[in-house]
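1. this one's structure only:
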């Protein structure tokens, strides 16, 4: 078989084992799922009812153009419908962007550490790339500009950044965009944008008229609680949208996902309520960590990056120790962010369980470091999507 030679540089995406398997292995009554940056809250009640009413039509293909969703989003965002592109989650849109703008003759720039898909799409297309370090886990936009080459076709900024939670406001981003070459596409991945609780934030959609090389990605997977349905969208110049539409598969957003997304958009008050809930828990967990003397990185996402170096067990073992007590987190050692774990904000009792276990680990006697073994059900093996 003549496989694409670039595949040798990639590893398959590994989804984690079912929660039921984890419960059985460690004899747990409940597992706090704080590893994948999912919402602990399900779809809005109105969304569930809307999906129930759409079940009879599942023998037909979905609307390939996402017409109702396109019209409603265009109205809400104040853009033309031809500025919108839809995907099976924003991950698919990243893959389409890779197909449209990356090749061995091109170059990509993205932050490090950040979402693993940025590196994956570059590797898949044999594209040279520059991962730009985040000093003190915050963006260095000057370093990102310095990494841009004459053939840089794609520059990606995750905002807020996953896994650090770092956030850039308009005061920083607008001057940055003016300095990026016009033929370099700048992708603002705003998967966590709805969680930002800082006042007075600008909507980057308003910058599209001045920056036709800007692409904004958003998703219904996070604050809307629709991760299981996989629907994301991009806002971009029509020329970019047309390029991505040439690559996407037919009927790539399923019927129930479209129904759920449309109904979700009709309830902005529920989004605001969830933003307040998540921000409140994020602040509460952060204060509790401070009282324990445990460092964390300030975040505007629905997660916190927590320092585990000074706990009572070696850092690489912390995620596994939490897992055995019923708390799923994401090990920084699996995200090229050693010394940290990423903790999604769950419901109050889930967050309380995390805090109680991490406090016990803080108080545990320091064990001698041993070579870290990744077990079949370890936190490293869980590999959450984002």
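-> Yep, that arrived. Not measured: the values here are computed from a predicted model. Residues are numbered from 1 along each chain as shown.

2. could you pull out the helices for the protein?
-> Applying DSSP state H to the chain gives helices spanning 19-26, 45-53, 67-77, 89-101, 116-124, 141-147, 170-179, 238-247, 255-265, 268-292, 318-324, 348-363, 379-382.

3. mean confidence for the first one?
-> Yep, that's helix 19-26 we're talking about. Mean pLDDT, computed over helix 19-26, is 93.

4. which residues of this structure score low on pLDDT?
-> Scanning the chain for pLDDT under 70 picks out the ranges 365-386.

5. that older thread, residue 185: which of the helices of the chain is closest?
-> helix 89-101 (5.6 Å; Cβ to Cβ). C-beta here means a position set from N, CA and C on the backbone, and glycine is covered the same way.

6. quick one on the thing from earlier: out of the helices of the chain, which is closest to residue 36?
-> helix 379-382 (7.9 Å).

7. measure stretch 235-252 end to end?
-> Using Cα to Cα, to the nearest Å, one end of stretch 235-252 lies 17 Å from the other.

8. pull out the buried residues from it.
-> For stretch 235-252, a neighbour-count test (16 or more other Cβ atoms under 10 Å) marks 235, 236, 237, 238, 240, 241, 243, 244, 245, 248, 252 as buried.

9. not counting its neighbours along the chain, what's nearest the fifth one?
-> Think residue 240. The shortest distance from residue 240 to any non-neighbouring residue, by Cβ to Cβ, 6 or more residues apart in numbering, is to residue 215 (5.9 Å).

10. residue contacts, that neighbour?
-> By Cβ atoms under 8 Å, 6 or more residues apart in numbering, residue 215 lies in contact with 97, 185, 186, 187, 188, 234, 235, 236, 240.

11. quick check, nearest of those to residue 172?
-> The closest of these, once distances to residue 172 are taken by Cβ to Cβ, is residue 188, at 12.0 Å.

12. quick check: closest non-adjacent residue to the closest one.
-> With Cβ to Cβ, 6+ apart, the residue lying closest to residue 188 is residue 216, at 4.9 Å.

13. the nearest residue to residue 218 once chain neighbours are set aside: neighbour count?
-> Of all residues not flanking residue 218 in the chain, residue 190 sits nearest, at 5.2 Å (Cβ to Cβ, 6+ apart). Residues lying near residue 190 (other Cβ atoms under 10 Å) number 23.

14. doesn't residue 223 make contact with residue 190?
-> No. The pair residue 190 / residue 223 is not scored as a contact, 11.1 Å apart, by Cβ atoms under 8 Å.

15. picking that back up, which among the helices of the chain is found nearest to residue 1?
-> helix 116-124 (17.5 Å).

16. if we can go back for a sec, which phi and psi does the residue nearest to residue 218 have?
-> phi -110, psi 40 (degrees, to the nearest 10).

17. just put the contacts of residue 215 in JSON lines and tack on distance to residue 121.
-> Shown next, in JSON lines, are the contacts of residue 215 (distance: Cβ to Cβ, whole Å):
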{"residue": "97", "distance to residue 121": "7"}
{"residue": "185", "distance to residue 121": "13"}
{"residue": "186", "distance to residue 121": "15"}
{"residue": "187", "distance to residue 121": "10"}
{"residue": "188", "distance to residue 121": "16"}
{"residue": "234", "distance to residue 121": "14"}
{"residue": "235", "distance to residue 121": "19"}
{"residue": "236", "distance to residue 121": "16"}
{"residue": "240", "distance to residue 121": "15"}
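
18. just give me the closest of those residues to residue 299.
-> The nearest member of the contacts of residue 215 to residue 299, counting by Cβ to Cβ, is residue 188 at 17.6 Å.

19. who does that closest one bridge with?
-> Beta-bridge pairing of residue 188, defined through DSSP bridges, involves residue 157, residue 216.

20. ok so, going back, mind checking the helices of the chain for the one nearest to residue 156?
-> helix 116-124 (5.1 Å).

21. redo the helices of the chain as JSON lines? Include distance to residue 10.
-> Below are the helices of the chain laid out as JSON lines (distance: least, Cβ to Cβ, whole Å):
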{"stretch": "helix 19-26", "distance to residue 10": "26"}
{"stretch": "helix 45-53", "distance to residue 10": "35"}
{"stretch": "helix 67-77", "distance to residue 10": "32"}
{"stretch": "helix 89-101", "distance to residue 10": "12"}
{"stretch": "helix 116-124", "distance to residue 10": "5"}
{"stretch": "helix 141-147", "distance to residue 10": "22"}
{"stretch": "helix 170-179", "distance to residue 10": "30"}
{"stretch": "helix 238-247", "distance to residue 10": "19"}
{"stretch": "helix 255-265", "distance to residue 10": "27"}
{"stretch": "helix 268-292", "distance to residue 10": "33"}
{"stretch": "helix 318-324", "distance to residue 10": "24"}
{"stretch": "helix 348-363", "distance to residue 10": "33"}
{"stretch": "helix 379-382", "distance to residue 10": "18"}
